[in-house]
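**Student:** sequence and predicted structure, then a few things I'm wondering about:
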Amino acid sequence: MASPPTERESRADPTRSTLEDDERTHRALEERVPSLAKPIRVTGFWGGIILPVFYVPLLVTGLSTSFEFLLFLGLVALNLLALYVGRVHRQQ
């Protein structure tokens, strides 16, 4: 059986801390709302795929008003959030 890495080995491998942070984040949702974790991840995954479709009408007509510009920024932020939440869908 392999022994856990020492602190020096963990610092030498920057991907290890990233993977551990990712696992901690992944477990956080499952620990807080276990019954809703899967639907939230599925919605995030598919939302991240579908949301860019809504960029097209805004970009075709132009971002001429401040409302359209804020709507576009809101869609981008929502898309990034959906991609982050749904990133582990089907990896479990």
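**Tutor:** Nice, thanks for sending it over.
**Student:** what sits against Arg87?
**Tutor:** 44-45 (Cβ atoms under 8 Å, 6 or more residues apart in numbering). C-beta: built from backbone N, CA, C; applies to glycine.
**Student:** show me the strands in this protein, by range?
**Tutor:** Per DSSP state E, the chain carries no strands over any range.
**Student:** give me the below-cutoff pLDDT ranges for it.
**Tutor:** Applying pLDDT under 70 to the chain flags residues 1-26, 91-92.
**Student:** find the nearest non-adjacent residue to Leu83, please.
**Tutor:** Residue nearest to Leu83 in three dimensions, not counting chain neighbours: Gly48, with 3.9 Å by Cβ to Cβ, 6 or more residues apart in numbering.
**Student:** now do the helices in the chain.
**Tutor:** For the chain, the helices defined by DSSP state H occupy 7-12, 14-32, 37-50, 55-61, 66-85.
**Student:** just those: most buried one?
**Tutor:** Greatest average neighbour count among those goes to helix 37-50 (a mean of 16), per mean count of other Cβ atoms under 10 Å.
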